[in-house]
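Novice: Got a predicted structure plus its sequence, pasted below:
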Amino acid sequence: MAKTITEEAGDKTKLSSHAHNFPLVGIGTSAGGLNAFKQMLAVIPVDSEMACVVVQHLNPTHDSKLTEILSRVTKIPIQEITDDVKILPNHSYVMPSGKLLTSINGVLKLTPRDRVKINLVIAIFFTSLALVWNSLVVDVVLSCAGSDGTPGLKMIKEPGGITIVQDESIEYGDMAQSNQVYQSFRDLCVFANRNFLKDPTFGKMDWINSRNVFYYMDTFLHKIALTNYHYASKENGVLLHGKSETASAVAELFISFDKHHKNFSRKPGTSRIMQVAARRREQTKREGKSSLTKKLIFA
């Protein structure tokens, strides 16, 4: 359901996503992040030319007093959101209890919370911001229960937005911990855009995940990819395929050790990198052989 709501927002905002000329700060928090947000809001200038929107991860029946509390620590106008509130710079907005919030065409829109049983109020709002505000959005996670917000943070970063997560030592810090653990895992990996049919491969890899890639390729491209996988894998390296894929194009390079899950192991031996240009050479070679055969038949 969360996906459906944000997809609706994306359809409606597609034409106006570049109309915003000031940054928006989306803040996801629960009771544990209140003090941190009060401190942050207190130092934001009244003429910062940005807007702040606060979304709380709370029980929908909880009566929030956040608007009243925050108005004591800042001179920035703070408004509890009613439906169809236009976002203005130098203003702060607070989501009411029992609602879901999205941003559409520069307007904050509320949806009844009962449409979504799982508490993903922050994830839904962050995702809608990513679709609309692109690089002008800053998302801050102060403290939340569970993993609410994690998918939205990832989407915010893709178009160049900024994400900030409070230190995991805070009270009620499950969400903060759920977030940057993901970051710790990413820190162990090397991420790079690679065309595995043309670009030089990495070497001595333990595991290659190629699920559902071959579905879009013909047999010759299968051969190129598998040869390059073999070249890139360390001895006994693992190759993972999709359920309808095989390594039969180069049976001499990989052997199946788990047919149900389509896991293959690299066979011993050397291999060289193949590139797409090899297709033309092989086709030329086949055409040459075919022409020679025809000449011999009709000679």
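Specialist: Alright, I've got the coordinates. Numbering: from 1, shown residues only.

Novice: ok, residue 43 - how many residues close by?
Specialist: Residue 43 has 8 neighbouring residues, counting by other CB atoms under 10 Å. Glycine gets a C-beta too; all of them are placed from N, C-alpha and C.

Novice: I misspoke; the intended subject was residue 112.
Specialist: The tally of other residues near residue 112 (other CB under 10 Å) stands at 10.

Novice: Next, it: phi, psi?
Specialist: For residue 112, the backbone dihedrals (degrees, to the nearest 10) come out as phi -60, psi 140.

Novice: Is it bridged to anything, and to what?
Specialist: residue 99 (DSSP bridges).

Novice: pretty sure it is touching residue 99, no?
Specialist: Yes: judged on CB atoms under 8 Å, residue 112 makes contact with residue 99 at a distance of 6.8 Å.

Novice: quick one, helices of the stretch 1-150 of the chain?
Specialist: 2-13, 34-42, 66-70, 121-133, 150-157 (DSSP state H, counting those that start in this stretch).

Novice: burial measure for the nearest residue in space to residue 33 that is not next to it in sequence, as a count.
Specialist: Distance criterion CB to CB, 6 or more residues apart in numbering; nearest residue to residue 33, sequence neighbours excluded, is residue 142 at 2.9 Å. When counting by other CB under 10 Å, one arrives at 25 neighbours for residue 142.

Novice: Give the buried residues for stretch 75-89.
Specialist: For stretch 75-89, a neighbour-count test (16 or more other CB atoms under 10 Å) marks 76, 78, 81, 85, 87 as buried.

Novice: hang on, I meant stretch 233-246
Specialist: By 16+ other CB under 10 Å, the buried positions in stretch 233-246 come out as 233, 237-239, 241, 245-246.

Novice: what's next to it, contact-wise?
Specialist: Residues outside stretch 233-246 that contact it (CB atoms under 8 Å, 6 or more residues apart in numbering): 204-215, 229, 247, 254, 261-266, 268.

Novice: and residue 200, helix, strand or coil?
Specialist: Classification of residue 200 using DSSP: H, G, I helix; E, B strand; the rest coil returns coil.

Novice: isn't it right next to residue 273, touching?
Specialist: Yes: the criterion here is CB under 8 Å, and residue 200 meets it with residue 273 at 6.8 Å.

Novice: neighbour count winner among these two?
Specialist: Neighbours per residue (other CB under 10 Å) separate residue 200 from residue 273, with residue 273 holding more: 16 against 12.

Novice: Where does that one fall, secondary structure wise?
Specialist: Per DSSP states H and E: residue 273 is located in neither a helix nor a strand.

Novice: that older thread, for the buried residues of stretch 75-89, give me a markdown table that also has pLDDT.
Specialist: Listed next are the buried residues of stretch 75-89 as a markdown table, based on pLDDT from 0 to 100:
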| residue | pLDDT |
| --- | --- |
| 76 | 92 |
| 78 | 92 |
| 81 | 92 |
| 85 | 92 |
| 87 | 93 |
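
Novice: rewinding a little: if you compare the helices of the stretch 1-150 of the chain, which one is most tucked away?
Specialist: Most buried of the helices of the stretch 1-150 of the chain, by mean neighbour count (mean count of other CB atoms under 10 Å): helix 121-133, with a mean of 27.

Novice: pLDDT of that one, averaged?
Specialist: For helix 121-133, mean pLDDT is 85.

Novice: so that helix versus helix 150-157, what angle?
Specialist: 20 degrees (axes from the mean of the first three to the mean of the last three CA atoms, to 10 degrees).

Novice: shaky segments in the stretch 101-250 of the chain?
Specialist: 115-119, 143-149, 167-191 (pLDDT under 70).

Novice: ranges for the strands of it?
Specialist: 107-112, 137-143, 162-165, 205-210, 233-241 (DSSP state E, counting those that start in this stretch).

Novice: Distance to residue 52 for those strands - can I get that in TSV?
Specialist: Output for the strands of the stretch 101-250 of the chain, formatted as TSV (distance: least, CB to CB, whole Å):
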stretch	distance to residue 52
strand 107-112	12
strand 137-143	9
strand 162-165	13
strand 205-210	40
strand 233-241	44
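
Novice: just so I know, which of those strands lies nearest residue 91?
Specialist: strand 107-112 (10.7 Å; CB to CB).

Novice: mind checking how far that closest one is from the chain centre?
Specialist: Chain-centre distance of strand 107-112: 24 Å, with CA atoms, centre = their mean, to the nearest Å.

Novice: list the helices and strands it packs on?
Specialist: Applying 3 or more CB pairs under 8 Å, 6 or more residues apart in numbering; DSSP states H and E, we find strand 107-112 packed against strand 85-86, strand 99-104.
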